[in-house]
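Asks: I need the structure of the sequence given here:
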Amino acid sequence: MGVHHNEIKKGGKIYGVVSKRRFKRKITLFILSGFLLTSIIFSTGIGCTFVSLNTVMAAIFNALTLGGNSANLQYTTVVIDVRLPRAVMGALVGGALAVSGCILQSMLRNPLASPYIIGVCSAAAFGASLAILFQAEIGSIPMLGVLYVPVFAFIFSIAAMFFVYYFSRVRGKISVEGLILIGVATMLLFSALTSILQYIAYEELRSIVVWLMGGLWQVSWKHVIIAFPGILLCVTITALFSRKLNLVAIGEETALSLGVDVEKLKKYLFVLVCLLTAFAVSFTGPIGFIGLIIPHIMRIFVGNDNTVLMPASFLGGAIFLVWMDVAARMLIAPAELPVGILTSLFGAPFFIYLWHKNKGRVLG
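Replies: All right, here's what the predicted structure looks like:
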């Protein structure tokens, strides 16, 4: 078989050395990366108190170099200690949720799949509500400090992960339909338990309700330092499975015939999705629809190849949540909307569109 001069044959497959499609995808990722960086920088200047770009850059440079005081750095505290950690955490959380949705949609072969259907978000909400309700006792536990709410949210998220995994198995294998149904049942269970806590709460009710709406206003560098390595590690590991996930997305029989251990892959990916979701929502509260809509938007630009779709989804989700957070603090300034409300307002119509378009295959 003849091979074109700009192609090579390896392992029975032909890979283009120079591919217009690959080049376009790389350019797309490069543009998204640049847009994310500029989004984080510009977003730190927008709020009730406007800070010019020059002042933002000077404040960041001063913080990185531990420079001295300057007349242009009067807003350093606003930029470095308040808005920059919010922007960075928003990027991490948005990216984590988008990658989780991307994995679930490919693994379950369900265009409506998102991190919420596995019950982890509802479990996190229950854990956080429990911590808020008993904050006087829990907050005094040594080593927890101000992190007691995220810690309890994460613990219950992981508990939900094991629960869904155990009960979704059929004869030792993860059932796609079972994973969805048990995940939905788990979500409803923890939602009911959270409602009970809200019912018996008095002074803490407002704090619980506000946390359940999802937001970035309480984020600090301490939260970012804890979430960053966990999310980065999970995203990096998921990228290693992207090629195998492509085969599973085509069909489990096809993947098996090509030597992919589908069941083991499902286990690994399920754990990674749960960890990503837990790291994300434990610090910010539930922020909906990012894992549903962003992967679909990114498919328009980069296609279905998960080797490109995963990083594109991470970048797209990060950019989306950074600017949603800006909108949340600007729409009713000087007050602030929970960003989870805005993402739901944006995502709900998109979800209806997807349901109408794919209503014949909602269970894969």
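Asks: list the contacts of residue 49.
Replies: Contacts of residue 49 were listed using C-beta atoms under 8 Å, 6 or more residues apart in numbering, and they are 75, 78. No exception for glycine: its C-beta is placed from N, CA and C like everyone else's.
Asks: mind checking what secondary structure it has?
Replies: State at residue 49, reduced to three classes by DSSP: H, G, I helix; E, B strand; the rest coil: coil.
Asks: ok, now which ones touch residue 302?
Replies: With contacts defined as C-beta under 8 Å, 6+ apart, residue 302 is in contact with 25, 28, 29, 308, 309, 312.
Asks: quick one: name whatever helix or strand follows the strand or helix carrying residue 60.
Replies: Under the assignment given by DSSP states H and E, the secondary-structure element containing residue 60 is helix 53-65. On the C-terminal side of helix 53-65, the nearest following helix or strand under DSSP H and E is helix 76.
Asks: which residues sit against that following helix?
Replies: Taking contacts as C-beta under 8 Å, 6+ apart, the residues outside helix 76 that touch it are 59, 62, 63.
Asks: for those residues, which single residue is the most surrounded?
Replies: Each of the contacts of helix 76 was scored by neighbour count (other C-beta atoms under 10 Å); the top score is that of residue 59, with 27 neighbours.
Asks: can I get the CA coordinates of the helix holding residue 60 in CSV?
Replies: Output for helix 53-65, consisting of C-alpha atoms alone and laid out as CSV, is shown next (Å, rounded to 0.1, in the frame of the first residue of the first chain):
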residue,chain,number,x,y,z
LEU,A,53,-5.0,46.9,34.1
ASN,A,54,-1.7,48.6,34.9
THR,A,55,-2.5,48.5,38.6
VAL,A,56,-3.4,44.9,38.4
MET,A,57,-0.2,44.0,36.6
ALA,A,58,1.8,46.0,39.0
ALA,A,59,0.2,44.4,42.0
ILE,A,60,0.8,40.9,40.6
PHE,A,61,4.4,41.7,39.8
ASN,A,62,4.9,43.2,43.2
ALA,A,63,3.5,40.1,44.9
LEU,A,64,5.6,37.7,42.7
THR,A,65,8.8,39.7,43.3
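Asks: which positions in that helix come out as buried?
Replies: Along helix 53-65, these residues count as buried under the neighbour rule (16 or more other C-beta atoms under 10 Å): 55, 56, 58, 59, 60, 62.
Asks: just those now: which is nearest residue 228?
Replies: Taking C-beta to C-beta as the measure, residue 60 is the one of the buried residues of helix 53-65 closest to residue 228, at 17.1 Å.
Asks: so what's residue 213 up against?
Replies: Remark: with contacts taken as C-beta under 8 Å, 6+ apart, residue 213 is in contact with 285, 338, 340, 341.
Asks: ok, the first one - contacts?
Replies: In other words, residue 285. Residues touching residue 285, when contacts are defined by C-beta under 8 Å, 6+ apart, comprise 125, 128, 211, 212, 213, 214, 215, 338, 340.
Asks: cool, and the second one?
Replies: Counting by C-beta under 8 Å, 6+ apart, residue 338 touches 210, 213, 214, 215, 285, 328.
Asks: and with 10 Å instead?
Replies: Under the criterion of C-beta atoms under 10 Å, 6 or more residues apart in numbering, the neighbours of residue 338 are 209-217, 284-287, 328, 344.
Asks: now the third one
Replies: In this structure, residue 340 makes contact with 211-216, 281, 284-290, 324, 328, judged by C-beta under 10 Å, 6+ apart.
Asks: tell me the mean pLDDT for stretch 126-141?
Replies: Along stretch 126-141, the predicted local confidence has a mean pLDDT of 75.
Asks: equivalent analysis for stretch 230-245, please.
Replies: The average pLDDT for stretch 230-245 rounds to 94.
Asks: and that stretch, how far from the chain's centre?
Replies: Stretch 230-245 has its average C-alpha position 13 Å from the chain's average C-alpha position, going by C-alpha atoms, centre = their mean, to the nearest Å.
Asks: stretch 48-55 too?
Replies: If you compare the mean C-alpha spot of stretch 48-55 with that of the full chain, they lie 28 Å apart, counting by C-alpha atoms, centre = their mean.
Asks: equivalent analysis for stretch 251-271, please.
Replies: Using C-alpha atoms, centre = their mean, the distance from the centre of stretch 251-271 to the centre of the chain it belongs to is 23 Å.
Asks: near residue 347, how many other residues are there?
Replies: Residue 347 - counted by other C-beta under 10 Å - has 21 other residues nearby.
Asks: that one contacts residue 321, correct?
Replies: No: taking C-beta atoms under 10 Å as the definition, residue 347 is not a contact partner of residue 321, at 11.7 Å.
Asks: out of the buried residues of helix 53-65, which comes closest to residue 271?
Replies: Among the buried residues of helix 53-65, residue 60 lies closest to residue 271 (C-beta to C-beta), at 36.0 Å.
Asks: now the closest one: how far from residue 32?
Replies: Separation of residue 60 from residue 32 (C-beta to C-beta, to the nearest Å): 21 Å.
Asks: what does residue 89 give?
Replies: For residue 89, the distance to residue 32 equals 19 Å [C-beta to C-beta].
Asks: of these two, who's got more company?
Replies: Remark: of residue 89 and residue 32, residue 89 carries more neighbours, 26 against 21, as counted by other C-beta under 10 Å.
Asks: which residues does that one contact?
Replies: With contacts defined as C-beta under 10 Å, 6+ apart, the neighbours of residue 89 are 216, 218-221, 223-224, 227-228, 231, 280, 283-284, 321-322, 325.
Asks: got phi/psi on the spatially most central residue of the chain?
Replies: Taking C-alpha atoms, centre = their mean as the criterion, residue 97 is the residue nearest the geometric centre of the chain, at 1.7 Å. For residue 97, the backbone dihedrals (degrees, to the nearest 10) come out as phi -70, psi -40.
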